[in-house]
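*Asks:* Give me coordinates for this.
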Amino acid sequence: MDGDYVTPATGKFMYYQEPKMQSIDPWLGPVTGKTVSKIHGSLLNQTNFCGLTVRYGRTNVAPTNV
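*Replies:* Below you'll find the predicted structure:
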């Protein structure tokens with residue numbers, strides 16, 4: 001803040017590359033849920049993801065397999 005202060009903080013920042021989706025199957029389904037979706041792409045299994053979720057409209061779902 002004043003150019004001289006150094007914090008003793010030890011927090012780490014984790015960065016990840018932006019995932020790239022190539023396809024989603026099925027691309028349409030019922031709003032009642034329980035439809036298995038498969039998302040194909042790259043950079044989807046990075047170890048430093050925090051709280052990975054998939055959003056369907058207003059619903060967030062945690063993946064069961066990556």
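*Asks:* tally of neighbours for Val54?
*Replies:* Val54 has 13 neighbouring residues, counting by other CB atoms under 10 Å. Bear in mind the C-beta positions are built from the backbone N, C-alpha and C, glycine included.
*Asks:* Check the one 4 residues further on too.
*Replies:* Arg58: 5 surrounding residues under other CB under 10 Å.
*Asks:* what's the spacing between it and Thr10?
*Replies:* To Thr10, Arg58 is 37 Å away according to CB to CB, to the nearest Å.
*Asks:* For the most centrally placed residue in the chain, which residues are in contact?
*Replies:* Most central in the chain under CA atoms, centre = their mean is Leu52, positioned 3.6 Å from the mean C-alpha point. When contacts are counted by CB atoms under 8 Å, 6 or more residues apart in numbering, Leu52 touches 62-63, 66.
*Asks:* let's see 10 Å
*Replies:* Contacts here follow CB atoms under 10 Å, 6 or more residues apart in numbering; on that basis Leu52 touches 16, 19, 44-46, 62-63, 66.
*Asks:* Export only the CA atoms of stretch 51-58, formatted as CSV.
*Replies:* Listed next in CSV are the C-alpha coordinates belonging to stretch 51-58 (Å, rounded to 0.1, in the frame of the first residue of the first chain):
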residue,chain,number,x,y,z
GLY,A,51,-15.5,-26.8,-6.7
LEU,A,52,-15.9,-27.9,-10.3
THR,A,53,-19.6,-27.7,-11.3
VAL,A,54,-21.7,-27.9,-14.5
ARG,A,55,-24.6,-25.4,-14.8
TYR,A,56,-27.8,-26.4,-16.5
GLY,A,57,-29.9,-23.3,-16.6
ARG,A,58,-30.1,-22.2,-12.9
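*Asks:* roughly how far out does it sit from the chain middle?
*Replies:* Averaging C-alpha positions (CA atoms, centre = their mean, to the nearest Å) puts stretch 51-58 8 Å from its chain's average.
*Asks:* again with stretch 34-45
*Replies:* So, by CA atoms, centre = their mean, the centroid of stretch 34-45 is 11 Å from its chain's centroid.
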